[in-house]
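Student: need coordinates for the following:
(one chain, ligands or ions: 2)
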Amino acid sequence: ATPMSVMVGVGKAAEYGILIRQGEALQTSSQLDTIVLDKTGTITEGKPAVTDIVCNEGQQEDTVLTLAASVESGSEHPLATAILNESKQRELSLDSASEFQALNGKGVTATIQGKTYRLGNRRWLESEGVNINLDSTSLTDKGVTPLFLSEANTLLGIIGVADRIKDDSKAAIARLKDQGLKVIMITGDIAASANAIAEQAGVDEVMAEVLPEDKAKKIQALQSEGRTVAMVGDGINDAPALAQADVGFAIGTGTDVAIESAAITLMGGSLHGVPDAMAISSATVRNIK
Ligand code: ADP
Ligand code: MG
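Tutor: Ligands and ions are numbered 1, 2, ... in the order given. Have a look, this model is predicted:
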């Protein structure tokens with residue numbers, strides 16, 4: 001590859017809001033056959049909001065929300081922001097929580113007035129011995145993520161949180177599929193909610209309930225099948241997978257860690273940057289030959 005044609009390609013990409021930090025990534029992009037897309041903040045806006053509160057017997061919406069927000073007050077996860085925003089909107093005053101702990105891919109726990117509360121996904125609460133006696137399928141069927149709130153072994157309620165799909169995600173994904181690429185969505189979220197979002201976005205294949213530390217392993221497994229894989233992500237969670245991929249695309253509005261781990265940054269955050277980068281890459285490689 002001539003350094004000149006790569007420079008031209010990098011310049012062309014910049015006009016499209018695609019920042020290429022490693023010239024090599026521009027050449028590899030034309031060879032990609034598989035695109036793995038993170039869900040939250042990549043396919044979706046990454047600004048979830050509370051949509052539903054389901055109370056267990058004897059509980060009230062505002063009590064459940066107050067406890068959930070108090071437990072989340074030490075977290076910077078987008079799900080925590082959603083719950084804290086809702087409690088602010090309802091002008092609820094939070095309880096003071098101590099012994100706060102965030103567990104990657106599971107949820108958060110804290111102590112309030114001597115009682116231990118947990119807020120997180122079903123699998124984690126079940127493994128802690130919580131009796132899940134409320135149904136969440138009405139939430140998951142519409143792509144809402146259910147967060148379960150417990151005190152000791154008792155389920156107090158479910159808070160449903162949902163995130164909008166970015167306006168152009170579906171069109172960008174359709175372009176990738178038209179180019180014959182295998183498009184996969186990867187997420188720590190549960191399968192039921194993830195599948196609903198995938199369907200809305202036009203993604204056929206979903207890897208759900210993937211713990212943060214396992215995202216890179218999933219990329220590696222695809223590579224060992226002989227695939228040339230791009231990872232597109234925005235979160236701290238995605239950093240190892242972005243580094244493992246043949247080409248990592250970071251969403252420009254995402255976390256610094258993701259941007260530093262990826263060869264390419266999509267400035268505007270639109271997924272159209274991926275097929276655009278591949279087209280520029282093909283043109284560059286043709287010039288080189
Ligand atoms: P993603 O891959 O979609 O960015 P994460 O790996 O961050 O998701 O989280 C996966 C799941 O773990 C969430 O869908 C949620 O059920 C649970 N979880 C993680 N962090 C929190 C939190 N701060 N509060 C509640 N639940 C959480
Ligand atoms: Mg994300």
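Student: count of neighbours near the closest residue to Arg21 other than its chain neighbours?
Tutor: Once flanking residues are discounted, Arg21 sits nearest to Ala263: 5.6 Å by Cβ to Cβ, 6 or more residues apart in numbering. Quick note: C-beta positions are derived from backbone N, CA and C, even for glycine. By other Cβ atoms under 10 Å, 23 other residues sit near Ala263.
Student: right, and Ala263 touches Gly23 too?
Tutor: No: with contacts counted by Cβ atoms under 8 Å, Ala263 stays clear of Gly23, the gap being 9.1 Å.
Student: ok, the residue nearest to Arg21 to ligand 2 distance?
Tutor: 18 Å (Cβ to the ion, to the nearest Å).
Student: which residues touch that residue?
Tutor: Counting by Cβ atoms under 8 Å, 6 or more residues apart in numbering, Ala263 touches 20-22, 24-25, 247-249.
Student: let's see it at 10 Å
Tutor: Contacts for Ala263 (Cβ atoms under 10 Å, 6 or more residues apart in numbering) come out as 19-26, 28-29, 230, 242-243, 245-250.
Student: so who does Ser150 touch?
Tutor: Applying Cβ under 10 Å, 6+ apart, one finds that Ser150 lies in contact with 56, 67, 107, 109, 116-120, 124-125, 128-132, 156-157.
Student: so Asp276: helix, strand or coil?
Tutor: For Asp276, the assignment made with DSSP: H, G, I helix; E, B strand; the rest coil gives helix.
Student: can you get me a residue count around the closest residue to it other than its chain neighbours?
Tutor: Distance criterion Cβ to Cβ, 6+ apart; nearest residue to Asp276, sequence neighbours excluded, is Tyr16 at 4.9 Å. Residues near Tyr16, counting by other Cβ under 10 Å, number 17.
Student: and for Pro275?
Tutor: For Pro275, the count of nearby residues is 21 (other Cβ under 10 Å).
Student: next one: the residue in the stretch 101-250 of the chain that ligand 1 sits nearest to from Pro275, what distance?
Tutor: Here the residue of the stretch 101-250 of the chain nearest ligand 1 is Gly188; by Cβ to the nearest ligand atom that distance is 2.5 Å. Relative to Pro275, Gly188 is positioned 26 Å away (Cβ to Cβ, to the nearest Å).
Student: tell me who's in contact with Arg21.
Tutor: Listed by Cβ under 10 Å, 6+ apart, the contact partners of Arg21 are 10, 248, 250, 259-260, 262-265.
Student: before we move on, what about Gly233?
Tutor: Residues near Gly233 by Cβ under 10 Å, 6+ apart: 36-42, 186, 215, 239-242, 245, 248-251, 254-255, 258, 261-262.
Student: which element is Val206 on?
Tutor: Assessed by DSSP states H and E, Val206 sits inside strand 205-207.
Student: can you name the residues that contact the closest residue to Thr255 other than its chain neighbours?
Tutor: Leaving aside its sequence neighbours, Thr255 sits nearest to Ile236 (Cβ to Cβ, 6+ apart; 5.3 Å). By Cβ under 10 Å, 6+ apart, the contact set of Ile236 is 76-77, 104, 212, 254-258, 261.
Student: ok, now how distant is Ile236 from Lys218?
Tutor: 17 Å.
Student: tell me the spacing between the nearest residue to Gln31 once chain neighbours are set aside and Arg175.
Tutor: Excluding its sequence neighbours, the residue lying closest to Gln31 (Cβ to Cβ, 6+ apart) is Thr228, at 4.9 Å. In this structure, Thr228 and Arg175 are 18 Å apart, going by Cβ to Cβ.
Student: specify the local secondary structure of Ala230.
Tutor: Under three-state DSSP, Ala230 comes out as strand.
Student: done for today, thanks.
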